[in-house]
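**Student:** could you look at this predicted model? Sequence included:
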Amino acid sequence: MTCFLIFLNKFDITAAIFYNKSEVMVMTGRSRAIAIIAIVTVCCAIMAVVDGIIQPQYAVKSAVKLILFLACPIVYSLFDKDVIIKELFVPNKKGMKIAFSLCIPVFVVILGAYFLLKDVFDFSAVTSALTGNVGVSRENFLFVAIYISFVNSLLEEFFFRGFAFLSLGKIVSKRVAYIFSAAAFALYHIAIMSGWFSIWVFIITVGGLFVGGLMFDFLNSKSGNIYTSWFVHMFANFAINTIGFMLFGII
């Protein structure tokens, strides 16, 4: 997180050299909303191609995602003076208390759901899909799990909740921002999870991602930053990765 904030500070300093406030593009509310929605849609579409068709190694895929989900919103913020990236990283005590109160329950619910359903649905295809499509194996899963839990969760919260919800929510109605952010988050994962589950588990999972996206949006609407949803997202990933360790036979 510290490195992430240092990067943003350096980016602001560099941008100030080349851009003056008076030179920032004047954009109407409608054009700004269209721009944000277009950026999110195009970035998700590119990642869908990378995940579902190109299927590079996990390190390559992560680098592409970092460019799309981090650099694109930051570059856009240079042209829209109302999109202030730093605002997304200003914590408050109320948001932190809410986040910490939800972390353990979310972990327990996800892990509990797996144990309840593992004899009903077949999850064996998950590991073979991960190994065959993106090169995630028993040998490197620990590293991947750490990256997913801490870095990838922050990146997704910045993109889907910070940029696609909080920033968009300043321009359009909250209802539109809620639906767009949650839908983009759920649909983005379709290409990633292709071939993991049976059709019914797949539908349930995508629906759960949409509902989870709405919940993350709600948490951040109360705190005005992405820390609340990031901590909850992190613990959700802890639970999912624990399941992954079990499926790979590591624990």
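**Tutor:** Structure received. None of these values were measured; they are calculated from a predicted model.
**Student:** give me the low-pLDDT residue ranges for the chain?
**Tutor:** Applying pLDDT under 70 to the chain flags the ranges 1-27, 133, 195, 197.
**Student:** please enumerate the helices of it.
**Tutor:** Using DSSP state H, the helices of the chain run over residues 2-18, 29-49, 58-66, 72-77, 93-117, 125-134, 141-147, 153-156, 168-169, 174-193, 199-223, 227-247.
**Student:** right, and the ones you listed - which one's nearest Ile84?
**Tutor:** helix 72-77 (7.0 Å; Cβ to Cβ). For the C-beta atoms, the positions are set from N, CA and C on the backbone; glycine is no exception.
**Student:** which other helices and strands does that closest one contact?
**Tutor:** With contacts taken as 3 or more Cβ pairs under 8 Å, 6 or more residues apart in numbering; DSSP states H and E, helix 72-77 sits against helix 29-49.
**Student:** what packs against the helix it packs on?
**Tutor:** With contacts taken as 3+ Cβ pairs under 8 Å, 6+ apart, helix 29-49 sits against helix 58-66, helix 72-77, helix 168-169, helix 174-193.
**Student:** could you say which of the ones you listed is packed most deeply?
**Tutor:** Comparing those by mean neighbour count (mean count of other Cβ atoms under 10 Å), helix 168-169 comes out on top with a mean of 22.
**Student:** run through who's touching that one.
**Tutor:** If you take Cβ atoms under 8 Å, 6 or more residues apart in numbering as the criterion, helix 168-169 is touched by 33, 36-37, 176-177, 180-181, 221.
**Student:** any idea how far that helix is from the middle of the chain?
**Tutor:** How far helix 168-169 lies from its chain's middle: 16 Å, per Cα atoms, centre = their mean, to the nearest Å.
**Student:** tell me which residue is most central in the protein.
**Tutor:** Nearest residue to the geometric centre of the chain (Cα atoms, centre = their mean): Glu156, 1.8 Å.
**Student:** and Gly95, how far from Ala184?
**Tutor:** According to Cβ to Cβ, to the nearest Å, Gly95 stands 22 Å off from Ala184.
**Student:** ok, now Val120?
**Tutor:** Distance check for Val120 against Ala184: by Cβ to Cβ, it reads 30 Å.
**Student:** next: Lys81.
**Tutor:** Lys81 is 24 Å from Ala184, by Cβ to Cβ.
**Student:** end to end on stretch 242-251, go ahead and measure it.
**Tutor:** End-to-end distance of stretch 242-251 (Cα to Cα, to the nearest Å): 8 Å.
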